[in-house]
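*Asks:* sequence-free structure coming up:
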């Protein structure tokens, strides 16, 4: 088995695939239909990989060598305590986005609401943020809004696979840049509005083939500076939030200052603050809504 894994890792490394060793291990476990711990035990005892499994594994390695995302090949991506189903048509959730969930959970504790908190997730994609909040907070009402049909379909699959306990989740089709305008009954009702919007500048094509060729462009590109779409979403969030409500948005490491400036240009989002990801790079900006809701 070790020989098979070493050979596969060499093939991936020769094609400049990041993380060739763990990718090879994950793909062999997937081909064999076992989890990583079982694979490690079989490797320790020198088990031989059956021929039929080797053939499937070789096909997976070839597709990974061609830079098909690992998550597409195994059909899932980890996010906090969840294992989310993903594939073509949906943005693969990233570890840094987990920090937005942590920040929201801490904010809900600070709010000490006497009612069931209400959260709106604009650009909900695979449902990563929505479903993490719904399963980690004791009782929550949350709406995930996603425009792209394929992404919404993936999120609905993920919703069906989780235990919501006391939370209520609605995953709906909608455009994050017009959602509040289309839903005036929700104005001034949300305790939190969160968004991981498209924020890559239109001309800044990602270097990694996994992102450039497989993540949907609607989830990547946010306009000429990358912040045109996020700016529109901020205006929608402003309408949806109650006074004192919390806004949080992911962005690139270069966009923190501009995100704060956009917040201060709105009528009622104030007190912006930008925070880093695991690598120390600016990753998300928060603000609170002040004042009364305009009629």
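*Replies:* That came through fine. The model shown is predicted, which means the values in this text are computed figures rather than measured ones.

*Asks:* Quick check: mean pLDDT of the strand or helix carrying residue 130?
*Replies:* Per DSSP states H and E, residue 130 falls inside helix 128-136. What helix 128-136 shows for mean pLDDT is 98.

*Asks:* same question, stretch 192-203
*Replies:* When pLDDT is averaged over stretch 192-203, the result is 97.

*Asks:* Same check on stretch 84-99?
*Replies:* Average pLDDT, stretch 84-99: 97.

*Asks:* switch to numbering from 690
*Replies:* Understood, numbering begins at 690; the last thing we discussed is stretch 773-788.

*Asks:* hmm, who's touching that stretch?
*Replies:* Residues outside stretch 773-788 that contact it (Cβ atoms under 8 Å, 6 or more residues apart in numbering): 758, 760-761, 764-769, 814-818, 820-821, 837-840, 842-844, 846-847, 850, 885, 899, 903-905, 908-909, 939, 964, 966-968, 972-973. Using the backbone N, CA and C atoms, a C-beta is placed for each residue, glycine as well.

*Asks:* Apply the buried test to the residues you listed and list what passes.
*Replies:* Listed as buried from the contacts of stretch 773-788 are 758, 760-761, 765-766, 768-769, 814-818, 820-821, 837, 840, 842-844, 846-847, 885, 899, 903-905, 908-909, 939, 966, 972-973; burial here means 16 or more other Cβ atoms under 10 Å.

*Asks:* mind listing which of those residues are in strands?
*Replies:* Among those, the members found in strands (DSSP state E) are 765-766, 768, 939, 972-973.

*Asks:* Just the angle for the helix or strand containing residue 791 relative to helix 817-825, thanks.
*Replies:* Element membership for residue 791 (DSSP H and E) is helix 787-800. For helix 787-800 against helix 817-825, the angle by axes from the mean of the first three to the mean of the last three Cα atoms, to 10 degrees is 50 degrees.

*Asks:* Buried residues in helix 787-800, which are they?
*Replies:* Buried positions in helix 787-800, judged by neighbour count with 16+ other Cβ under 10 Å: 787-790, 792-794, 796-797.

*Asks:* Only the buried residues of stretch 970-984, if you could.
*Replies:* 971-978, 982.

*Asks:* which regions of the chain sit below the pLDDT cut-off?
*Replies:* Scanning the chain for pLDDT under 70 picks out the ranges 981-984.

*Asks:* for it, what spans make up the strands?
*Replies:* All strands of the chain, identified by DSSP E, fall at 765-768, 771-774, 807-811, 830-835, 857-862, 879-884, 930-939, 958-965, 971-978.
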